[in-house]
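**Q** Pasted the sequence and its predicted model underneath.
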Amino acid sequence: MSTYTPRPEDFAPLGAQDAAPVLVRPSLSYWADARARLLRNPRAVGSLVLLALLGLFTTVGPLFWTVDPSTQNLDRISEPPNLGAEARLIDPGQRWAGIEVEDWPAAPDPAWLASPTRAALDAPEGLSVVGTPHTWSVRLRWNPVENAASYRIYRNRYQPTALNELGLPLGDRWSGAEVSYEDALALEPGVYWYSVTATDGLRESPDFQTLRVEVERALPLNTARKAGLIALEDGAPGQRLNLPAHPLGTDYLGRDMLSRLMHGARTSLFIGLLAPLLYVLFGTAYGAAAGFLGGRADAVLMRLADFVVALPFLLFMILFRVASGVEAGESGITAILVAMVLLLWPATARLVRGQILQIREEGYVQAARLLGAPQRYLIFRHMIPNTLGVILVTLTFAIPTAIFTEAFLSFIGMGVAPPTPSWGSMCFEGLKSMLNSPHELFFPALMISLTVLAFNLLGDGLRDALDARMRARE
Amino acid sequence: MGRYAIKRVFQGLITIWFIATATFAAMHAVPGDPLSNEKATTEAIRKNLEARYGLDRPVFPDQYFIFLGNMAKGDFGLSFTQQNRRVNDIILDAFPVSAQLGVLAIAFAALGGVLLGAFTALKRNRWPDVTVMLAVILGISVPSFVFAALGQLALVNANDALGFTLLPVAGWGELSHMVMPAVVLGLSTLAFLTRLMRSSMLEVLTADYIRTARAKGVSEGGIFWRHALRNASLPVITVLGPAIAAITTGGFVVELVFAIPGLGRAFVEAVQQLDYTLIMGTTVFYGSFLVFMVIVVDLIYGLIDPRVRLA
Amino acid sequence: MMRLGPAGRPLALLLGCLLAVAAPFSGAANNAVDFEGRVIRMVLPQEPPQLDSSKATDQVSTRVLGHVMEALTRFDGQGRLVPGVAERWEIRRDGATFWLRKDARWNDGSPVTAEDFVFSWRHAVDPKTASEYAFILQGIENAEEISQGEAPITSLGVSAPEPRRLEVRFSRALAYFDKLVAFATFYPLKESFYRARDGRYGADAEDMLFNGPFFIERWDHGARLEMAKNPHYWDRDNIYLNRIEFPYITSDTNASLNLFKDNRIILAGLDSETMENALEQRWRIERFDDGSAWYIEFNHREGRLTRNWHLRRALALSFDTYEFINRVIGTPGNLPGLSLFPSYLQGAKRRLLQEIPPPEPVTDWTLAREHLDKAMAQLGLREPPELVLLTGNSPTANKQAEFLQTLWKDALGLTVRIDRQIFKQRLAKMTAGEFDLVAAGWGPDYLDPLTFGDLFASWNLNNRGRYDNPKLDACVRKAQNSVDAGARVQAFGCIQSILLEDHAIIPTYERGQIYVIHPAVKGAIRRQTSPDPDLARAWLEQP
């Protein structure tokens, strides 16, 4: 390290300088600045990407995934996500007449039945399957039991070990001579345990007989033809057929979830985007008018806004939805839109009015006015551009509210009418079957959450980028 | 101050009249009427029913002014669905339930929001902050009925796993019934307050008096509890008023899922049944409650904050 | 001890509070079954609107009333009619006599007299009472005239010549009158008490008088209802339970199942969504016919397309009741819709449907299209018409409506527009006839086929489609006025074949329900008429 020794030159006066150093940066307009700021925010960029994907899902998606959202596959109800299945074609033929033993009493002797010491009945022996069991029919038969008045048939997914584990009571045969049962109840491929007990008319016997049955997926020829899976003349019983995939599973009527989500997005996003757009626009015009007119007009206009604000939102949402008298075949979307616009505009109106009042007093507006700028110029050059940021942020945060409101109305059974799918109504229906087929709730709830999440993040980003005063302090 | 209060109350009354009129109009626009029933009735019986409820008179002006007159007396009339019961009694039974639930939910949301917000501000940009804020943003992105269903499911499984009842899964009557519904109900407010508290706390932590306190040698704990937390909570307190009103009137979903006999559920059922008087009573009551809350909050601000001058 | 950070302390405190709050709940005091105290707990699907038996119309009210009131007769667990307040009775062509037991008492200790029935029945038909069930007394002398306001209420054909003898005069034969009087509208009411309540009878627990096995001890509206054993009930020795409590009021099946799982309630209904869960839990699942028959009603009013027989037949031929119960509804216990009459109804000797077997339903889309073509030709239409299907706003109603919409689109190319309305709006539209098709159901008021049989008589106000067929009306009259069991079965057979051949309705299914019940509870009765479920004579067995 060297020591510094002052020299005489150091004390000589500087010569005259040409100019102060010019600091130049490219002139950034408000919007360019905002855009740059938004794009520097990773969360906002993420949300934009998410929204773009959602947009593609809704618009381009149905072009690629062309499954009709209203096609019902009653053989594939509430299936979890899958990539297709294989079924054997069958000929349904005639309805099975069943087996009735001749010369066998339908009910026990009343005298025997009246005896309190009568023995419990035996379990029905010889429980067996008639024909090939498949998902459209499992035919069972057993040997008649002495003194039986009726038989009860059960079905379980698990092997039963005790009387209380026999599972679903499928039905009863009301005669001791009727010794067969045909089960067609929502059968799925896999293993079932069938049990049969006998009843003497008053008491069910504690003994039961159980049969393990492996059920294979089948499809009746005519059903396959109706669904367009095979041509009218094609197909023969026994032939194997590949069934279409349902990547997100199916719903309670066997309809494709992916397709329904795509079409449901239209409803949910339509309400979610259009309603806020309408009421923010109306609120802006209203608030701007109030703020700009000022005085008595302002007081009257804002009084009216106060009235509307005081209406309990959800209560009136329900009332308006019911009062709108949705007719047959209408989805009720318009009713929901109108109700939302009617109830939600005042918040924006108040905000915009405040902004206008504030900007009106700003120096540059005063200056412009002094320079003789006409009203129209003031409005379009100063007022609107300077409130646009706030309005945009309000709009972004209003979208989640609108989507939630639609979902809430669906939840209490007052949403869009079927068959129009919406994420909200899909959630509502999925909620019931949450335990068995969680995918029916999970996917629509996920779509709602993703959309709301994206708009919330975008709103945060926009606020940071557009509004210096509301900028998060980080 | 006194004159201001009177003016506000007068405005409030006009607002309530507006709410009443809007409800009356909306309700009578609904096709159908509360007297239709699954079993058809003869003309004579129907006429008598109509007479009992005053529906035999023209909707306007008769029914409207009778309704306004009774409302001014604080009488909402007889309910259609819970026959023989006055709407006033139904509201008096159901509202305290909703209010208790709302207060508990707000307490949970405020306490949790303040603590979580402060906590995340302290751990700013480290993993606890990131995790909590992610949870918070998820919290405001999931519909409340999903939370309600999941909450109930969680309780069932927890009780099942523990072998005793940690908390009942539904019903009403004891404090333990309220815990889960209050948590579910308060969740989105909690998320909102956490965000608010976090940014407020971040601001406070860089304030001069904190630096001064630190320079004086106050312990970190002391700074957090005595200075930062208290000051940062102020904005939270100012939003509590509207939040209480919103939560108390917004408990529909939770009341339906957890079988809670609150006013929200009563309203949804009343609409299904087109119970004119109960619908009117509930709406006007809730509207008045909201109006009242706003007035009270405004007046309190005037008393607390000298910057707010009441003209 | 673990050191808690600054934020940890209040959190620990909060958790502590939660546990403290929860602790008192974990006792057995609120379990589904209390063996010591002989208490069972259940859920009520909704708050009873009011408990004045003369005005009760809904299943919840009648379920509660069925435990706290007793009629002249009642049904036992096997569905047999047994004596109630009446010790014995006699039904004649022109009237009936009931002899009342002497130990029947109200819960204030006073005896139940024939006068109490006279007052109650007169009160029910009084147009001033405006009871929606006044029609059920029709057939008693002057009942119709009184309810129209054309005769004084004292002219009702019922009298009490002695305190323990009730005389009834009929204006037409009522072969099933002993079954009919088990219904809620026929419960007794004590005049002095009723008048003293000044219009508040049935509004609260203290505004009621009970003569049944239990009495209502506490009724917190919308929240809970508790019944305790009635110490004055004549058959109290055969009542095992001391209390039946309803601490929960919810219609949500998931919530009830959760409560059941949590050992809070003894009984929970299952649906297609919750039944798998019950299987996993390895619970014993029970089923029963809940008694209701479901059908699609056509609008037969002038000018409606659905007046056309070919169109109705086309719609009926495309519908497959087996597919509907097995795939669309998907819960066990539902039976195919073969007739308007459910299968559990008794005929003269055997079950009614064994005596008048309905034809096996045909599903044939090709034939259906032929009928549609004929219908279009008759109606002068070039395109398949658009029809409006009126439905409610419950998830089940939605599901069925959506299924039908797609079905008829696929089968016939018909456009069905779904008109989904809240309960009261749907009823208003049904009454006004603003529909083409409406999905409807009917539960029996009393256990006689006539409760279904007269539904589509031209004068029946519940015939919302205004089906008007003199041949059917004649059969209904025959069934009403006859006391001969065989002749009545024949009349019901005539009603059934007219309805099916004319396609006045499309029967869709006969509803059965599945449920789980606490294994210690024995003797719970499920039945087709109220009160269901009936636990008045249930008992507990320690497992």
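**A** It's in.

**Q** Could you use CA atoms for every contact and neighbour count after this?
**A** Will do.

**Q** Quick one: residues contacting whichever residue of the stretch 1-150 of chain A sits closest to chain B.
**A** Residue nearest to chain B within the stretch 1-150 of chain A: A:Arg43 (11.2 Å; Cα to the nearest Cα). Contact analysis of A:Arg43 by Cα atoms under 8 Å, 6 or more residues apart in numbering or on different chains lists A:Leu457, A:Leu458, A:Gly461.

**Q** which parts of the stretch 1-150 of chain B sit against chain A?
**A** B:15, B:18-19, B:23, B:26-31, B:137-138, B:140-143, B:145-146, B:149 (Cα under 8 Å from any Cα of the partner chain).

**Q** hmm, try it at 6 Å
**A** Residues of the stretch 1-150 of chain B that fall close to chain A, judged by Cα under 6 Å from any Cα of the partner chain: B:Thr15, B:Ala26, B:Ala29, B:Val30, B:Ser141, B:Val142.

**Q** C:Glu297 sits in which helix or strand?
**A** strand C:285-298 (DSSP states H and E).

**Q** The closest residue to chain B within chain C - nearest residue in space that isn't next to it in sequence?
**A** Across chain C, the shortest distance to chain B (Cα to the nearest Cα) belongs to C:Pro49, at 4.0 Å. Excluding its sequence neighbours, the residue lying closest to C:Pro49 (Cα to Cα, 6 or more residues apart in numbering or on different chains) is B:Gln82, at 4.0 Å.

**Q** Can you report how many residues lie near that neighbour?
**A** Using other Cα atoms under 10 Å in any protein chain shown, B:Gln82 has 21 other residues around it.

**Q** ok, now C:Lys179?
**A** When neighbours are counted by other Cα under 10 Å, C:Lys179 registers 20.

**Q** Which is the succeeding secondary structure element to the helix or strand hosting it?
**A** For C:Lys179, the host element (DSSP H and E) is helix C:177-180. As assigned by DSSP H and E, the chain's next helix or strand after helix C:177-180 is helix C:191-196.

**Q** Check which residues of that next one are buried.
**A** C:Tyr194 (16 or more other Cα atoms under 10 Å in any protein chain shown).

**Q** Kindly export it (C-alpha atoms) in CSV.
**A** Provided in CSV are the C-alpha atoms of helix C:191-196 (Å, rounded to 0.1, in the frame of the first residue of the first chain):
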residue,chain,number,x,y,z
GLU,C,191,-110.5,-31.3,22.0
SER,C,192,-110.0,-29.4,25.3
PHE,C,193,-106.2,-29.5,24.9
TYR,C,194,-106.3,-28.6,21.2
ARG,C,195,-108.5,-25.6,21.8
ALA,C,196,-106.4,-24.4,24.7
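
**Q** in its sheet, what does the following helix or strand past it sit against?
**A** Downstream of helix C:191-196, the next assigned helix or strand under DSSP H and E is strand C:214-220. Strand pairing for strand C:214-220, using DSSP bridges, gives strand C:224-229 (antiparallel).

**Q** so after the strand it pairs with, what's the next helix or strand?
**A** Downstream of strand C:224-229 (by DSSP H and E), the next one is strand C:243-249.

**Q** Helix or strand next in line after that following strand, which one?
**A** Per DSSP H and E, the helix or strand that comes after strand C:243-249 is helix C:253-261.

**Q** any bit of that following helix sitting next to chain A?
**A** No: using Cα under 6 Å from any Cα, helix C:253-261 never reaches chain A; the gap is at least 7.1 Å.

**Q** Run the chain-centre distance for that helix.
**A** 22 Å (Cα atoms, centre = their mean, to the nearest Å).

**Q** That helix to strand C:243-249, inter-axis angle?
**A** Counting by axes from the mean of the first three to the mean of the last three Cα atoms, to 10 degrees, helix C:253-261 lies at 140 degrees to strand C:243-249.
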